[in-house]
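In: Need the 3D shape of this:
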Amino acid sequence: MTASKTILDIRGKQLKLETAADVAPFTTGVDPTTLTAIYLGGNSIGVEAAKEFGRFLETADVLQLADLGDIFTGRTIEEIPAAIKALLDPLSHKTSLREINLNDNAFGERVVPFLTPFLETNHSIRVLRLNNNGLGPAGGKKIAEAVCNSAPTDGSRSNLEVVICGRNRLEDPGAAAWAKAFEAHKTLTEVQMPQNGIRMDGAEALGRGLVACSELQIVNFQDNAFIDVEMDEEGRKAVRAWGEAVKTSWPKLRFLDLSDCMLSNGEGEVPPLLEAFNDPNTKNLQNLEELRLQNNNLDARSYEVLAQAVTKLTKLKRLDLQDNDDVEDNEHLDDIAEHLKAHGGKLIRTEEDEEEEEDVEENVEESPEEVEAAAEISVPLATEKSTFEKAADTLANLMSKVHVG
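Out: Prediction:
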């Protein structure tokens, strides 16, 4: 265990804690009234152990961070609701709490009623991490509604800044509910919702909801579908909504990942989103540093638009176009590559380009100033799944199909 006067850290120990006696060695000698962070992730916590941690947290009135990610491995669906309630109830009114991490717990819809009271009650949270929880469309909708209900109604500023809710199979119902939550809070600086099975209607709702978040800096919606190839103009409404948002609403945007989002039909169609990058009225992309557009059926016409746009994106350092059409032999991409290189950036066309970039980064010693600057952008969620993650996905999806009557 890593412990100090203000931090309790047992993460990654792979402990199986069942009873209050199992917990005692880790809390003994730690004064909860001075605790600022608790890390329990990577251990398996049963109901009685959770209750003991809950009792310990009751007087943790300066707690700022609670890491409760991946704490139910091997636990039954009967155990998890009581355990999560025991851990969250003492945190509901902690005005000092700034970050809660609930990643990688296979909650499913059945556990959602035990999460929503905390989300509705605690208005101090700045960072909410709910990645890979098997929420499903109905569970994701209820979670989003709880977050929406926590938004101030008296005109005061919300504290919520970061929402990570990827790999939860939210689909369109969950996405639409999150759109309302984002619009209600208005203060989001980072939103990551990759791999959620969101389609055109949900993507459009999110684009319109996020318009209210003028301080947005980091957006990751990788692996959700933005167009319906069977429809004409109506099938492009999501891409148009995001194009309008880019043009009008996000002046601080630094990172945008829309890879694997089916932005084009692959028949020479230029997505309205890309046209927005090149629109003379667009003044909101001057801070964009990284743009990821992998596997979106883009072709020569889109590359021509991008070639014109990059000259205006003065801070762009990385453009990723892997797995689009004809990326290895196109004059517009050659122009983009030369332009980015001249400004200290790089175009990623192939996996080899990415590997080359990684090799260069490994061999370059960064100055303290560069390390600090890089830390300002959160590392996006990994899209490559490990064997463990695939197994977790299977369990999470099963859990999401369990309904409470």
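In: Would you mark the buried spots in stretch 96-106?
Out: Of the residues in stretch 96-106, 97-106 count as buried by neighbour count, 16 or more other Cβ atoms under 10 Å. From N, CA and C alone the C-beta is placed, and that goes for glycine too.
In: Mind checking which of those are in strands?
Out: 99-101 (DSSP state E).
In: In CSV: the buried residues of stretch 96-106, plus distance to Leu160.
Out: Listed next are the buried residues of stretch 96-106 as CSV, based on distance: Cβ to Cβ, whole Å:
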residue, distance to Leu160
Leu97, 12
Arg98, 11
Glu99, 11
Ile100, 11
Asn101, 15
Leu102, 15
Asn103, 17
Asp104, 21
Asn105, 20
Ala106, 25
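In: how close does Leu206 sit to Cys165?
Out: According to Cβ to Cβ, to the nearest Å, Leu206 stands 11 Å off from Cys165.
In: ugh, wrong one, I meant Leu253
Out: From Leu253 to Cys165 the distance is 19 Å (Cβ to Cβ).
In: my read is Leu312 is in a strand, agree?
Out: Just so we're on the same page, residue 312 is Lys rather than Leu. No. Read with DSSP: H, G, I helix; E, B strand; the rest coil, Lys312 is coil and lies in no strand.
In: Now for it, how many residues are close by?
Out: 16 (other Cβ atoms under 10 Å).
In: got a list of what it touches?
Out: Listed by Cβ atoms under 8 Å, 6 or more residues apart in numbering, the contact set of Lys312 reads 277-278, 282, 285.
In: Return the members of those residues classed as buried.
Out: Listed as buried from those are 277-278, 282, 285; burial here means 16+ other Cβ under 10 Å.
In: what stretches of the chain score poorly on pLDDT?
Out: Along the chain, the model assigns pLDDT under 70 to residues 1-4, 359-405.
In: again, 90 this time
Out: Counting by pLDDT under 90, the chain shows low-confidence ranges at 1-5, 228-235, 266-268, 278-286, 312, 314, 328, 354-405.
In: neighbours of the residue nearest to Phe277 when sequence neighbours are not counted, just the number please.
Out: Distance criterion Cβ to Cβ, 6 or more residues apart in numbering; nearest residue to Phe277, sequence neighbours excluded, is Ala309 at 3.9 Å. The tally of other residues near Ala309 (other Cβ under 10 Å) stands at 22.
In: Neighbours of Glu358, how many?
Out: Residues near Glu358, counting by other Cβ under 10 Å: 10.
In: now Asp353
Out: 18.
In: That one looks like it's in a helix, true?
Out: Yes. Per three-state DSSP, Asp353 lies within a helix segment.
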